[in-house]
Every structure is written in structure tokens, then in C-alpha cells.
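> build me a model:
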Amino acid sequence: MGDEEPLLSGNLRTTYFVFIVLTISLSRVLYGYDRGAIGGASIGLLNDGLLNTHQYAVLVSLPIFASVAGCIVAGILQSRFGRKLALIISTLAYCVGIVFVIVFKDPSFYTLLFGRILSNIAFGMANNTSLVYVIEITPSIYRGIVLVINTLAVPFGNSVSGLINLAISKTRGSDCWKLMLATCLVPGILQLLLLIPIPMSYVWLFDQGKLEKSRSEAAKLYNSLSNTQYKDLLEIAGDNPDSTSTRSETENAVIINRGSIRRMTTVAVALILIGQLSGFTAVIYYAVEIAQTSGIGDGNDATAAFAVSETVFVTNFIGVLISMFLVETLGRRKLLLVSQVGTLMFLLCIIGSMFVIDSSDMTVDPYVEIVNPDCAVTACSKCVTQPECGFCSFPYSTDKVGFCIDGNSEHSVLDRCENMGGLYCSSHCHSQGTWMLLASMLLFTLAFSLGLAPIPTVIASEIFPYHLRDLFTSVSTSVFYTAIASVALFYGALYPVIGMTYIYTIFAILTFGGLLFVVFFVPETKGKTPETMYELFQQPWCGRGGEYQTVLNASSGSDGENSDE
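Below is the predicted model:
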């Protein structure tokens, strides 16, 4: 079968195939665009008094858990009605959620929350369905690139949204949150229109017993497709049919090795968790706060904050774009290991930057008789996280130290800092380490995007056999959204309490543990067909990385009786 797929790929209608992949991936563009839009809308929502900071944290993180329900719903819909219709339903649900948020003049917190929950259910549905859809129609020699494109769509959506937010902030003001969210309808409506002409999944149609329809839909993707080639195409997809029977009729002949499935599931879930527990979600959702901590602008410049956020989005996009050209040359495993090492290194740089910032000369407020007890801290990063405190620094003086002082967002109480000739700021610390922190954040984003962003999704999407793909894709995407929501809640809750230094120390420890897991338990999956992928996970434990292929070749004649250990 290894010679059959290149032949079929040569007959592929490439332009039409690319159009289909990009149309399906628009659901991921929409997810990235929305993530950037809700971040930009935060300033207007807070300034208009519609939300306080705690409610915004809930609005960002809590609805993401609803995406898990969306993954479950998607598994049912795409199995019953097909991939194409399930994707159309998810896009419609998202548009309804956005309209629900922006149609009211002054929506309440619960109105906003309901709209966001509906939109996030749609994300779970779309993410699950789009992955299954593209895998089924893509030849395995293009699978890695196509799945990376599917991942690349998210930072692309982030970047476009960031540019739109920046333009709206410049021309209409940073409080135009409804306009920022309303622009999300554009990619949603565009996808609805483009989904109409694309074919249904010929693999799903075959599974439903609609043989003629499956054959005609497959023919749309290839210049010529004989009956033999059509059969080969379904074998490559993992169905192993004969000329008359459907997969559901032959499913009972498939011997499910529970040990292999268990190891596949462990690897898929672990990789999803490893990617999210590195802390990148915190960077995306709290980019504005990180920019302020880094001392960009004067702490009150919304345009500067949007610019920094857009820089993070673009860096993410560039990293995933580079990975698209490396995933089929270096392979999944090597690219993932390179990314993990870089991510860990720059996490340590972030931690070092925070120590540099906090090591600046600092003492307690000299006016101890009226000091706010919350401001009696000795670290600047802890000072600026307190809502009623700010840092009073003396950047142009060699004989004065800075200190934490009570005040509001613009001035210290009674202008005590300003009267002493100090520079007061409630949002960030003036230190030589601030630019080092920002640079470390961007390099961390680049390293993460090279491998930890796309590869977990690629591996988790391609390792399962067809008859289990719907179920385990739902499991993987459910874990993905649960991890995102958990990290967002974790960061939002702990940042004011322990500060960035210790939070990113936790992320670094988790990243190191993830690196060890990949070294010992994740094999190379590049170029594997569903059949050889299944064999790859037969031995306990499949990993020990690249050494496993030798073990597989040496044991190819064994009956695998011990494979369920």
C-alpha cells in the first residue's frame, strides 16, 4: 500500500483540495479571532462598568469549559449527520452567540456570560469536527502539513484580530467593545458561504453505507479515480473495505488491542496537557497585563497595550508557520523536543527577568503612619498587583530607593511620591529587567509555537484508527479546552497573590516533566498509515523514542500476545 498513496496523491486536484482545507480551517481562524477580540473588548467592558476585573476573568475562563460539552455534541452530530453539516451547525451557533452579546445596549454580566458560553460550545464542536474532517480527506504524506495549517489558523486569527483592535482603538477609541466583537461575524459568515460547495467526507459516507455517494464525493478530489483506486483510498483512510461491504459490516473483524489504544490515549492526552501547562494560555489571555508589567507605555496607554498584544500574536503565527515547513522534514518528535527545550529555557529567562525586576532597590513606604497594609511589600511585582498600591521609583537618582505606596491608578495618595521627585506607576515596575521580560516572553512564544503549539494536536489527531477517531478526537479536544480554562483560571486567581515569578516557576517545572515524558514515551509518527500507526503502539511501552522502530522491526514476527501488558 506504500506505493498506492503517492499514485493517488499525484491525481489529487491540488487547488481544490487547498480550498477545502482552508475552508475547514476557517473554524480555527474564527476561534483565534474571537480570542483576540474578547481580549481587546476587555478595556471597553471594564471602562463602561459592565464588568469588574473578577467578572472579566470569569467571562474569559468559565465559558471555555462549555467547549467540552461542544466536543461531546460534535461527536454525536458528526457521526449522525456528517462532518460538513456538523461544521455548519457549529458556525451558526457561534454567530448566534455573538449577536446575543452585542444586540443589547447595556448587557448584564449574565447576558454576556450566556453569549460567551454559546460561542464556546460552538468552538468545541468546530475544533473537533474540523480535525476529523481534514484527516479523512488528506493523504498521509500531506497530513502533517495540513494539520499544522489547521493549527496555524488560530494564531493567524489572533493576529488579524489584533490588527483590527488596534485600528479600532486608533480611529474609534479603545472603548468600542461592541464593534470589536461584531467584526467576529465576518469570518463566521464567510465560512458559512464557503462550506456550501465543498464535498462531504467520502469516508463518513462509506461508513453510512452510501457507497455511490461516497464514490462521487471522492471523485471530486481526484482527476481520475478507478474502482481499484477508490478502494485503495479507503484502505489508506483506515477502512480496509472489500468491493461491496461497508466498514460497519467489517468492524467486527477488527481486533482491538486494548493495550495499544490505552497507550495511544495516554500519549494524546498527555501531549495536549503538556502543551497547555507550559503557560502559553496565560500569555495569550493576559498579554495586556504582561505588557503593563513590562513597562510598555505609561501604563494607561491602551494603544501601546494592543501593540504589544499584537506582537505576541504575530510571533505565535510566525512560529507555527515555520513549523509547517519543518514538520515533514524533522518529524513530529524532533520538532517537539526542540520546542520543549527552547520553551523551558525561555521560561527560565522569564523567571530571571522577574528576579531582576524585584531585586531593584526597594524599601517600605517611609510614611508608615498612613501606609496601606497591602502596600507593605518588598517586591515590586507584588506591589503593582495590589489594586490600591503603586510603585514609587527614582530612575534618575543614585541615592534614593523606590518603595510601594498607596494610591490610585494615576497618582499616589496626597501626591507623596510625586512631591518627593519620584515616578509613580500602579501597573508596572521601572527596571532594567522590564525589556528583558518582554523579550523573554516573545522568545518563549516563538519556541512554544515551533512545536508545542501544533505537534500535540497533529499526533493526537492522527494516531487513532478510523473506527475510534470520533470518540478519541472528542476526548482530546475536551482535554484541550479543559486545560486552557484551568490555566486561565489558575493564572487569574494566583497572579495577585503570589506574582508572576512563582507562577512561571510552576510552569517551568511542568514543562520539564513534559520534556521527560516525550523523551521516554512518544514515538515518531511521521508518514505512518493507520495500520502502521496501530502497530507502533503495540509494544509496551512504545516510547523510548526513536529506539522503538528497531524494536518494532525485530518483533514484527511475534504474535503480540504480551501487548496488553
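> what about the strands in this protein?
362-363, 389-393, 402-406, 423-425 (DSSP state E).
> output the contacting helices and strands for the last one.
What it means is strand 423-425. Judged by 3 or more Cβ pairs under 8 Å, 6 or more residues apart in numbering; DSSP states H and E, strand 423-425 is in contact with strand 389-393, helix 416-419. Backbone N, C-alpha and C define where each C-beta goes, glycine included.
> where in the stretch 301-450 of the chain is pLDDT low?
Residues of the stretch 301-450 of the chain meeting the criterion pLDDT under 70: 301-306, 357-371, 378, 381-382, 385, 395-401, 409, 426-434.
> and if we set it to 50?
Along the stretch 301-450 of the chain, segments meeting pLDDT under 50 span 301.
> where do the helices sit along it?
Secondary structure of the stretch 301-450 of the chain by DSSP state H, counting those that start in this stretch: the helices cover 302-326, 332-358, 380-383, 416-419, 433-450.
> of those, which stretch is the most buried?
When the helices of the stretch 301-450 of the chain are scored by mean count of other Cβ atoms under 10 Å, the highest mean neighbour count falls to helix 380-383 (a mean of 24).
> got the helices of the stretch 301-450 of the chain as a markdown table, with distance to Tyr491 columns?
Output for these, formatted as a markdown table (distance: least, Cβ to Cβ, whole Å):
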| stretch | distance to Tyr491 |
| --- | --- |
| helix 302-326 | 15 |
| helix 332-358 | 13 |
| helix 380-383 | 14 |
| helix 416-419 | 29 |
| helix 433-450 | 14 |
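> ok so, going back, need the helices and strands packed on strand 423-425 in a markdown table (columns: distance to Gly402).
Listed next are the helices and strands packed on strand 423-425 as a markdown table, based on distance: least, Cβ to Cβ, whole Å:
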| stretch | distance to Gly402 |
| --- | --- |
| strand 389-393 | 4 |
| helix 416-419 | 9 |
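> figure out which of these is closest to Ile498.
strand 389-393 (15.9 Å; Cβ to Cβ).
> got the CA positions of the closest one in PDB?
Output in PDB follows, covering the C-alpha atoms of strand 389-393 (Å, rounded to 0.1, in the frame of the first residue of the first chain):
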ATOM      1  CA  CYS A 389      -0.900  50.400  45.500                       C
ATOM      2  CA  GLY A 390       1.700  51.600  43.100                       C
ATOM      3  CA  PHE A 391       5.500  51.700  42.800                       C
ATOM      4  CA  CYS A 392       7.300  54.900  43.500                       C
ATOM      5  CA  SER A 393      10.600  54.800  41.700                       C
END
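> who are the packing partners of that strand?
Using 3+ Cβ pairs under 8 Å, 6+ apart, strand 389-393 sits against helix 380-383, strand 402-406, helix 416-419, strand 423-425.
> check contacts around the one residue sitting closest to the centre of the chain.
For the chain, the residue nearest the mean C-alpha position is Ala453 (6.5 Å; Cα atoms, centre = their mean). By Cβ atoms under 8 Å, 6 or more residues apart in numbering, Ala453 lies in contact with Thr151, Pro155, Gly275, Phe280, Asn316, Gly319, Val320, Ser323, Ser339.
> which among those gets closest to Ile351?
The closest of those, once distances to Ile351 are taken by Cβ to Cβ, is Phe280, at 15.5 Å.
> so how far is Leu437 from the closest one?
Phe280 sits at a distance of 16 Å from Leu437 (criterion: Cβ to Cβ, to the nearest Å).
> now do Leu192
Counting by Cβ to Cβ, the gap from Leu192 to Leu437 is 42 Å.
> and if you look at Thr445?
13 Å.
> that older thread, next, format the strands of the chain as JSON lines and append mean neighbour count.
Listed next are these as JSON lines, based on neighbours: other Cβ atoms under 10 Å:
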{"stretch": "strand 362-363", "mean neighbour count": "16"}
{"stretch": "strand 389-393", "mean neighbour count": "27"}
{"stretch": "strand 402-406", "mean neighbour count": "25"}
{"stretch": "strand 423-425", "mean neighbour count": "21"}
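> can you redo the ones you listed as CSV with distance to Ile64?
Formatted as CSV, the strands of the chain follow (distance: least, Cβ to Cβ, whole Å):
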stretch, distance to Ile64
strand 362-363, 37
strand 389-393, 31
strand 402-406, 34
strand 423-425, 32
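> for Leu489, find the nearest of those.
strand 389-393 (24.0 Å).
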